[in-house]
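Undergrad: my questions concern the predicted model and sequence given below.
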Amino acid sequence: MKKILPLLLRIIVALILIQTLRFKFTAHPDSVYIFTKVGLEPYGRIGTGITELIAGVLLLIPKTAWIGAMLTLGIIGGAIMMHLTKLGIEINNDGGILFITAVVTFLLSAVILWMRRKEVKFF
């Protein structure tokens, strides 16, 4: 269980990050709406997508999982702040699913980083 749980958490967070890429990279109307509303369309949408892809890959590699977790905390922390300040919890009548997913991803990334804290040189 000590090996399976950390791996499962890393896979869950990586899947969440990677599955959202199709919306960002194909300029899905919801993604364009979100990034337009926060004033970052199109460069913020594409840049965020690239950064999420990098974080997802880093999470899947055991030696770099802590880097992926830290990167995810930064990205998703920014997304949560945008929800709380500019976007609102509910976007296009989604029932708050996007916000809830961001919070869950943030919390799981924090757990991953805590589990890997001994690998981080400056902790």
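TA: That came through, no problem. Note that the structure is a prediction, hence the values are computed from the model and not measured. Numbers count the residues shown, from 1 in each chain.
Undergrad: only C-alpha atoms from now on, for both contacts and neighbour counts.
TA: Will do.
Undergrad: show me the contacts for Leu15.
TA: By C-alpha atoms under 8 Å, 6 or more residues apart in numbering, the contact set of Leu15 is Gly56.
Undergrad: in the host helix or strand of it, what's buried?
TA: Element membership for Leu15 (DSSP states H and E) is helix 4-19. Going by neighbour count (16 or more other C-alpha atoms under 10 Å), the buried part of helix 4-19 is 6-7, 9-18.
Undergrad: repeat that for stretch 89-97.
TA: For stretch 89-97, the neighbour count (16+ other C-alpha under 10 Å) marks 89, 91 as buried.
Undergrad: and for stretch 69-79?
TA: So for stretch 69-79, counting by 16+ other C-alpha under 10 Å, buried means 69-73, 75-77, 79.
Undergrad: just stretch 52-66 next, same as before
TA: Buried-residue list, stretch 52-66, by 16+ other C-alpha under 10 Å: 52-60, 64-66.
Undergrad: return the residues in contact with the residue nearest to Thr64 when sequence neighbours are not counted.
TA: Closest residue to Thr64 apart from its sequence neighbours, by C-alpha to C-alpha, 6 or more residues apart in numbering: Leu58 at 5.3 Å. By C-alpha under 8 Å, 6+ apart, the contact list for Leu58 reads 64-65, 67-68.
Undergrad: name the nearest of those residues relative to Gly44.
TA: Proximity of the contacts of Leu58 to Gly44, judged by C-alpha to C-alpha, is greatest for Gly68, which lies at 19.2 Å.
Undergrad: pretty sure the closest one is touching Pro62, no?
TA: No: using C-alpha atoms under 8 Å, Gly68 is not in contact with Pro62, being 9.9 Å away.
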